[in-house]
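Chemist: One predicted model, sequence on top.
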Amino acid sequence: MTADRGEARVPPRRAAVTLARGRASAPLAPPLSDARPPATSNQFRTSDPGHAMTHETTTAILPEEVIRRAREFFAGRVPATGAFVEAESPRHVVLRGQGGEEVVIAAAPCPGGSAVRGSTLLFDQQVRRFLSTLPPAAGEAA
């Protein structure tokens, strides 16, 4: 009797294939490369922790006004891209859109106005459009 006591043996040529419930399943695809082209200076600053997109800008208005404008902007979009308040505070709002998509907008006081950050997985264009509607902070070009 062998030491494996009847356990399924995986032939060497199938080393990359896993066994699940007695059936072979294909291996997962290799991870995507993290190499990204550098952003140009005229774009919003973005970062990519995982697959979510985070956009940042500064504006001349107070954080509370930013949050009020975010609620109105996303509620007024066409139904396919509208998002509605799920949670909020004076400095942030979490919005939920079609298919459960989450949009988070946060604002904090900074010299000359507010620093604003928006994060989403799928509503990337809408977040960028919202940030473009905010008046620029003193000393920044539109």
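Modeler: Here it is on my side, so go on.

Chemist: confidence score at residue 99?
Modeler: As predicted, residue 99 sits at a pLDDT of 82.

Chemist: Number of residues surrounding it?
Modeler: By the measure other Cβ atoms under 10 Å, the count of residues near residue 99 is 7. For the C-beta atoms, the positions are set from N, CA and C on the backbone; glycine is no exception.

Chemist: Roughly how far does it sit from residue 82?
Modeler: Distance, residue 99 to residue 82, using Cβ to Cβ, to the nearest Å: 12 Å.

Chemist: just residue 125 next, same as before
Modeler: Using Cβ to Cβ, one gets 14 Å for the distance from residue 125 to residue 82.

Chemist: now swap in residue 132 and tell me
Modeler: Between residue 132 and residue 82 the distance, using Cβ to Cβ, works out to 18 Å.

Chemist: more crowded one of the two?
Modeler: residue 82 (17 against 12).

Chemist: Tell me the spatial nearest neighbour of residue 53, not counting adjacent residues.
Modeler: Among residues not flanking residue 53 along the chain, residue 124 sits closest, at 4.9 Å (Cβ to Cβ, 6 or more residues apart in numbering).

Chemist: List phi and psi for that neighbour.
Modeler: Torsion angles at residue 124 (phi, psi; degrees, to the nearest 10) stand at phi -60, psi -50.
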